[in-house]
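[1] no FASTA, just this:
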């Protein structure tokens, strides 16, 4: 669980609601179901219209990474690659075949299988970089789903404000309806800007950071496997891979 993300969201919400309270405003006035439906529903529909299904679903699945970040243990990967390098130099590449079934990561498992099959370092890098590019492209597109939502949300909020003012104009003869219409108009704008800058953009930014770490750890795996294929000394493998830790 990423406590910083939870704390940051709590601070943002507390700041806004606290400011509203200190100004003498009511917290309940910010709770407008009509405005929420306009902004959230309109933004969701626009994002769905923009993206293919697989990209949209990937973006939704990636959203949970902000609070439950995938565990990427670089030190463990360095230890594993170094051990494989030592074993292969002492007993031969084929001795690594027994390690394949114990690997959970499909990318690393595929790389080790290519190594055991006797492919050169150049071939291993060529195949794995294609996989890495596909992996990276889809997930960058998934992160941009949240960026797209941040772009649409304020505009949909303005649309909600216009709709609220139209509702006010329709009920000029009934003063009791004016307050609700004006509230929806302004609260829709608040929701649009608030969702964009407090939720959608921060999520997109954090997903990109997480993606950078995921790509980097796969690049580590490629470098390590290629060094093993070139029969590099395990101390050299360890020293080179330790550079990723900084």
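    Nice, thanks for sending it over. If you're wondering where the values come from, they're calculated on a predicted model, not measured in any experiment. Numbering: from 1, shown residues only.

[2] Report the central residue of the protein.
    When C-alpha atoms, centre = their mean is applied to the chain, the residue found nearest the centroid is residue 207 (2.6 Å).

[3] That one contacts residue 146, doesn't it?
    Yes. Under the criterion of C-beta atoms under 8 Å, residue 207 makes contact with residue 146 at 6.7 Å. C-beta coordinates here come from the backbone N, C-alpha and C atoms, glycine included.

[4] list the residues that contact both of those two?
    residue 63 (C-beta atoms under 8 Å, 6 or more residues apart in numbering).

[5] Next one: the residue nearest to the centre of the chain relative to residue 134, how far apart?
    18 Å (C-beta to C-beta, to the nearest Å).

[6] for this structure, where's the lowest mean pLDDT among helices and strands?
    helix 175-195 (a mean of 78; mean pLDDT, DSSP states H and E).

[7] and the residue nearest to the centre of the chain, backbone torsions?
    phi -60, psi -40 (degrees, to the nearest 10).

[8] Over to the one 5 residues further on?
    Here is the backbone geometry of residue 212 (degrees, to the nearest 10): phi -60, psi -40.

[9] What's the separation between it and residue 66?
    Per C-beta to C-beta, residue 212 is found 14 Å from residue 66.

[10] Those two: who's more crowded?
    Each of residue 212 and residue 66 has its neighbours counted (other C-beta atoms under 10 Å); residue 66 has more, 23 against 11.

[11] so what's the more buried one scoring on pLDDT?
    The model reports residue 66 with a pLDDT of 89.

[12] Next: residue 52.
    So, for residue 52, pLDDT stands at 94.

[13] what does the one 10 residues further on give?
    Predicted confidence (pLDDT) at residue 62: the value is 93.

[14] can you give me the helices in the chain?
    Using DSSP state H, the helices found in the chain span residues 3-22, 33-36, 42-50, 53-62, 74-91, 106-116, 121-170, 175-195, 201-229, 234-242.

[15] okay, these in JSON lines with distance to residue 100 next?
    What follows is the helices of the chain, written out as JSON lines (distance: least, C-beta to C-beta, whole Å):
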{"stretch": "helix 3-22", "distance to residue 100": "36"}
{"stretch": "helix 33-36", "distance to residue 100": "51"}
{"stretch": "helix 42-50", "distance to residue 100": "40"}
{"stretch": "helix 53-62", "distance to residue 100": "27"}
{"stretch": "helix 74-91", "distance to residue 100": "11"}
{"stretch": "helix 106-116", "distance to residue 100": "5"}
{"stretch": "helix 121-170", "distance to residue 100": "14"}
{"stretch": "helix 175-195", "distance to residue 100": "46"}
{"stretch": "helix 201-229", "distance to residue 100": "12"}
{"stretch": "helix 234-242", "distance to residue 100": "19"}
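
[16] Out of the ones you listed, name the one with the poorest average pLDDT.
    helix 175-195 - the lowest mean pLDDT of the helices of the chain, at a mean of 78.

[17] quick revisit: burial count for the residue nearest to the residue nearest to the centre of the chain when sequence neighbours are not counted?
    Leaving aside its sequence neighbours, residue 207 sits nearest to residue 143 (C-beta to C-beta, 6 or more residues apart in numbering; 4.0 Å). Neighbourhood size, residue 143 [other C-beta under 10 Å]: 22.

[18] cool, the one 3 residues further on as well?
    Using other C-beta under 10 Å, residue 146 has 26 neighbouring residues.

[19] can you check residue 233 too?
    That count, for residue 233 with other C-beta under 10 Å as the rule, works out to 12.

[20] ditto for residue 155
    15.

[21] Alright, I will stop here.
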